[in-house]
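Trainee: I'll drop the sequence and a predicted model, then ask my questions.
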Amino acid sequence: MKLEYLKNVTTLAFSAEQCIGCGKCEEVCPHGVFIVTDQRARIVHQDGCIECGACALNCPANAIEVHAGVGCAAAIIKGWLTGGEPTCDCSSSDCC
Amino acid sequence: MNLNNFCCAESTCCPANTSRGVVAVVPTTLSLKDFLGGCKVRWGIGRMHYVVKPGLYGVGKPDENSPVLVSANYKLTFDTLRKNLSGLDCWLLILDTKGVNVWCAAGKGTFGTEELIHRIKETGVSAIVAHRRLILPQLGASGVNSNEVSRRSGFSVVFGPVRARDIRRFIADGCAATRAMRTVEFTAFDRLVLTPVELVAAAKTSLPVFGVLFLINLFAARQFGAFDLAAYLGAVVIGTVLTPLLLPVIPGKAFAWKGWILGLIWSIAALWLFGWFSSGFWRLAVGYLLLLPSVSAYLAMNFTGSSTYTSPSGVLREMKIALPLIMGAAVIGTALVLAQSILG
């Protein structure tokens, strides 16, 4: 059975005009969000995106933007409590 | 973090002589101690100090043309990698990820561009190999900017498969990964091995609660007993073990919802089993029906941190709805349960 999370939430944004078709996004994405055909990437599975940020970080053309972070409730609560960005500090908690 | 705590000292043997001196060669078989060590950290024992020394290692009989694989210095990661390398001659460039696995370390940035460039320089790997190519685990890509590494170190970065078990095929196929090798899974076994750590963490958090209940018992009209403990532990196991295991078959998508549903079923069963549906216990019954599913829901929601398919935006949306409901139900539920105990 396939595991799928909430739909229409990801901050992933892709600019086809800037894409140079290098295929790096397809290479790094762990959920098959991108496919490159005819020298151009396109998003084929937007809701699979977990916002890990690998594609945006490795895109040489800056064609991808995503608000990257950890999908971890404990990290988000910690971020609220400390007033900072959600961080996944696994030293004592159960995340990761 | 004490990096002198070098756990894999006895796993090393037969040093490889290189132009940069001697490099330790590690075996591709795990000892009983490695296996038991892996079991311990799965239960959260010494998990943050299970490290190997960062640096360069050899596997098999590596030479200047052998591939260089990059990984993290969490010993469980290191062991998983090397046991999948039998028959290969290669180098392992181990980054200092503070004893954290590749994916989580990449998220934090410790398995990152800077550390990789630093480690390339520090180990002098460019003098040891003739080629200029590094194979990184694909899940390291969220921390490593491959373009920047190439520009600043001269080494090109190839992202290998997600799982160490596919590494040999990846290399044999000329560094080509299939779509399956590039896709993260979350199998029942993947989920199962993650549950002990969750259970231990929840148990640790529960201990002060037991202390408080013990104090209340000193003057309570209705004392907390084995049935209360069983009802609560059931809710904890539901949230930390059963919900993760049954994740794909429980209806719905939000983790808190999945935990709450199972928690509610358990609560009803426990109340019926322990005879708390009788009229004298209405506060206890309503209290536990509110409290116990909330406990399961909260713990299940925390499993988003262990899952491989949740986005921060999704978790945030789930939490904004679930957390106020969980807190509200838990507060009212606790008040009712305490009222039953104190007033009788």
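Mentor: Structure's in. What do you need? Residues are numbered from 1 along each chain as shown, chains lettered A, B, ... in the order given.
Trainee: Low-confidence ranges, chain B, go.
Mentor: Using pLDDT under 70 as the threshold, the predicted model of chain B has low-confidence ranges B:1-15, B:19-20.
Trainee: can you tell me which helix in it is longest?
Mentor: Determined from DSSP state H, the single longest helix within chain B is helix B:312-343.
Trainee: I'd like the distance from that helix to the chain centre, please.
Mentor: Here helix B:312-343 is found 26 Å from its chain centre; the criterion is CA atoms, centre = their mean, to the nearest Å.
Trainee: cool, stretch B:269-288 as well?
Mentor: For stretch B:269-288 - counting by CA atoms, centre = their mean - the centre lies 37 Å from the chain centre.
Trainee: and the angle for the top helix by length along chain A with helix B:312-343?
Mentor: The helix of greatest length in chain A, counted in residues with DSSP H as the criterion, is given as helix A:73-82. For helix A:73-82 and helix B:312-343, the angle between their directions (axes from the mean of the first three to the mean of the last three CA atoms, to 10 degrees) works out to 80 degrees.
Trainee: For helix A:73-82, name the packing helices and strands.
Mentor: Using 3 or more CB pairs under 8 Å, 6 or more residues apart in numbering or on different chains; DSSP states H and E as the contact criterion, the neighbours of helix A:73-82 among helices and strands are helix B:282-302, helix B:312-343. (Each C-beta comes from the backbone N, C-alpha and C, glycine too.)
Trainee: nearest to chain A, of these?
Mentor: Taking CB to the nearest CB as the criterion, chain A comes closest to helix B:312-343 out of the helices and strands packed on helix A:73-82, the separation being 3.8 Å.
Trainee: Buried residues in the closest one, which are they?
Mentor: Using 16 or more other CB atoms under 10 Å in any protein chain shown as the burial criterion, the residues of helix B:312-343 that qualify are B:312-319, B:322-323, B:326, B:329-330, B:333-334, B:336-338, B:340-341.
Trainee: just those residues that are near chain A?
Mentor: Cross-checking the buried residues of helix B:312-343 against chain A (CB under 8 Å from any CB of the partner chain) gives B:312, B:313, B:314, B:315, B:316, B:317, B:318, B:319 as the overlapping residues.
Trainee: For chain B, which segments count as helices?
Mentor: Going by DSSP H, chain B shows helices at B:32-42, B:75-83, B:102-108, B:113-123, B:125-128, B:146-153, B:167-172, B:179-182, B:188-217, B:226-237, B:243-246, B:255-273, B:282-302, B:312-343.
Trainee: Please work out which residues outside the second one touch it.
Mentor: Think helix B:75-83. Residues lying outside helix B:75-83 but in contact with it, judged by CB atoms under 8 Å, 6 or more residues apart in numbering or on different chains, are B:7-8, B:26-30, B:34, B:37-38, B:41, B:50-52, B:59, B:69, B:71-72, B:92, B:94, B:99, B:101-102, B:164, B:167.
Trainee: pull the CA atoms of it into PDB?
Mentor: Provided in PDB are the C-alpha atoms of helix B:75-83 (Å, rounded to 0.1, in the frame of the first residue of the first chain):
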ATOM      1  CA  LYS B  75      28.500   3.800  13.400                       C
ATOM      2  CA  LEU B  76      25.200   2.300  12.400                       C
ATOM      3  CA  THR B  77      25.400   4.000   9.000                       C
ATOM      4  CA  PHE B  78      29.100   3.100   8.700                       C
ATOM      5  CA  ASP B  79      28.400  -0.600   9.500                       C
ATOM      6  CA  THR B  80      25.400  -0.700   7.100                       C
ATOM      7  CA  LEU B  81      27.600   0.700   4.300                       C
ATOM      8  CA  ARG B  82      30.600  -1.500   4.800                       C
ATOM      9  CA  LYS B  83      28.600  -4.700   5.100                       C
END
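Trainee: Off-centre distance for that helix?
Mentor: The chain centroid and the centroid of helix B:75-83 are separated by 15 Å under CA atoms, centre = their mean.
Trainee: In it, which of the residues would be classed as buried?
Mentor: Buried positions in helix B:75-83, judged by neighbour count with 16+ other CB under 10 Å: B:75, B:76, B:77, B:78, B:79, B:80, B:81, B:82, B:83.
Trainee: What residues does the stretch 201-344 of chain B have near chain A?
Mentor: Applying CB under 8 Å from any CB, we find that the stretch 201-344 of chain B lies next to chain A at B:201-202, B:247-249, B:253-255, B:301-302, B:304-319.
Trainee: Just to check, residue A:66 is in contact with residue A:54?
Mentor: No - Residue A:66 lies out of contact with residue A:54 (CB atoms under 8 Å); the separation is 9.3 Å.
Trainee: Which one's more surrounded, the two?
Mentor: In terms of neighbours (other CB atoms under 10 Å in any protein chain shown), residue A:54 is the more surrounded of residue A:66 and residue A:54; the figures are 30 against 22.
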